[in-house]
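1. I'd like to go over a predicted model; first the sequence, then the structure.
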Amino acid sequence: MIEFKDVSHRYQNGQDVLSRLSFSLAHGEMAFLTGASGAGKSTLLKAVAAMLRPSSGQVIVGGADLATIRGGRIATHRQRIGIIFQNFNLLHDRTVFDNVGLPLVIRGWRHQDIARRVRAALDAVELLGKERVYPLTLSGGEQQRVGIARAIVAKPDLLLADEPTGNLDPEMAQDIMGIFRRFNEVGVSVLVATHAIDLIRQLPYRLIHLEHGRLSEQGPVSHGDLHVSP
Ligand SMILES: Nc1ncnc2c1ncn2[C@@H]1O[C@H](COP(=O)(O)OP(=O)(O)OP(=O)(O)O)[C@@H](O)[C@H]1O
């Protein structure tokens, strides 16, 4: 699903953030990306989503070499990915329904089809019945579930989450990780950047650890086929 080959990135201010990273995440795989603040986790996720072009190396996602795609194909690439953020990134003057349906509105879907998909997405995160409420009336965990519903409404092959539980208490955080696991169980590839080591240590997923822009260690692999070569 994701393959990095010798990927390095230097921001315009001269800071080297990723240093010759090579790793792959198989189709249907779930893994956690760990590392101290500033280690380069968000930068790596942005490279996967084609939100930045690394300075060197190859990023291949779903078989496409991102260095070779341009214009409209970048938008198509992003549409195949669901992205979840720490601060939920919801529109507070829009209802839950409108927030979740937004990616489909942008794609020009018909209202009827949007309504069907939004309900299915809200059902998947156990928020059916909250369509008409506004995000700020929900708890943090519920707001993040709205963010997840928006990310999955177009049925992406890959979910990327950047510190999705950073603003949640441990119980809600566990809930959110449970939702990612359920999507993974039905075949969605999932890569979650997180500081929540205590929460993920017990889980049967690979840890990809970034330190000073390099992959420095890996946790146990209990299933799947994920390779890291630092
Ligand atoms: N647009 C940018 N221009 C210059 N430097 C940047 C830019 N974006 C990030 N950085 C720097 O790159 C480094 C890695 O940032 P990144 O956000 O990828 O780390 P992170 O591991 O996700 O951190 P956190 O856990 O705090 O979110 C940091 O030192 C950051 O200040």
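-> Looks like it came in fine.

2. host element of the residue nearest the centre of the chain?
-> When CA atoms, centre = their mean is applied to the chain, the residue found nearest the centroid is L160 (1.1 Å). Using DSSP states H and E, the element containing L160 is strand 158-162.

3. show me which residues of the chain are close to the ligand?
-> Taking CB under 6 Å from any ligand atom as the criterion, the chain approaches the ligand at residues 11, 13, 15, 17, 35, 37-43. The C-beta positions use only the backbone N, C-alpha and C, and glycine is treated the same way.

4. can you flag the buried ones in these?
-> In the residues of the chain next to the ligand, burial by neighbour count holds for 17, 35, 39-43, counting by 16 or more other CB atoms under 10 Å.

5. mind listing which of these are in helices?
-> 41-43 (DSSP state H).

6. would you map the strands across the protein?
-> 2-10, 16-25, 30-34, 56-61, 64-65, 81-85, 158-162, 189-193, 206-211, 214-218, 227-228 (DSSP state E).

7. pairing partners for the first one, with directions?
-> Here strand 2-10 is paired, per DSSP bridges, with strand 16-25 (antiparallel), strand 56-61 (antiparallel).

8. out of the ones you listed, deepest packed?
-> The highest mean neighbour count among the strands paired with strand 2-10, using mean count of other CB atoms under 10 Å, belongs to strand 16-25: a mean of 20.

9. burial of A50, as a residue count?
-> For A50, the neighbour count with other CB atoms under 10 Å is 19.

10. spit out the contact partners of it.
-> 61, 66, 69, 74, 77-78 (CB atoms under 8 Å, 6 or more residues apart in numbering).

11. got a winner among those for most neighbours?
-> Going by other CB under 10 Å, V61 tops the contacts of A50 with 23 neighbours.

12. look up how far the ligand lies from that residue.
-> 18 Å (CB to the nearest ligand atom, to the nearest Å).

13. so where's this protein shaky on pLDDT?
-> Within the chain, the segments meeting pLDDT under 70 span 217-230.

14. give me the longest helix you can find in it.
-> The chain, longest helix under DSSP H: helix 170-185.

15. got the angle between it and strand 30-34?
-> Angle between the axes of helix 170-185 and strand 30-34 is 140 degrees (criterion: axes from the mean of the first three to the mean of the last three CA atoms, to 10 degrees).

16. hmm, who's touching helix 170-185?
-> 28-30, 124-125, 139-141, 144-145, 148, 152, 159, 161, 164-165, 168, 190, 192, 196, 199-200, 203.

17. export it to PDB, keeping only CA atoms.
-> Written as PDB, here are the backbone C-alpha positions of helix 170-185 (Å, rounded to 0.1, in the frame of the first residue of the first chain):
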ATOM      1  CA  PRO A 170      -7.600   7.500  28.000                       C
ATOM      2  CA  GLU A 171     -11.000   5.900  27.700                       C
ATOM      3  CA  MET A 172     -12.000   7.900  24.600                       C
ATOM      4  CA  ALA A 173      -8.600   7.300  23.100                       C
ATOM      5  CA  GLN A 174      -9.100   3.500  23.500                       C
ATOM      6  CA  ASP A 175     -12.400   3.900  21.800                       C
ATOM      7  CA  ILE A 176     -10.900   5.700  18.900                       C
ATOM      8  CA  MET A 177      -8.100   3.100  18.500                       C
ATOM      9  CA  GLY A 178     -10.900   0.400  18.600                       C
ATOM     10  CA  ILE A 179     -12.600   2.100  15.600                       C
ATOM     11  CA  PHE A 180      -9.300   2.100  13.600                       C
ATOM     12  CA  ARG A 181      -8.900  -1.600  14.400                       C
ATOM     13  CA  ARG A 182     -12.400  -2.400  13.200                       C
ATOM     14  CA  PHE A 183     -11.800  -0.600   9.900                       C
ATOM     15  CA  ASN A 184      -8.500  -2.500   9.500                       C
ATOM     16  CA  GLU A 185     -10.300  -5.800  10.200                       C
END
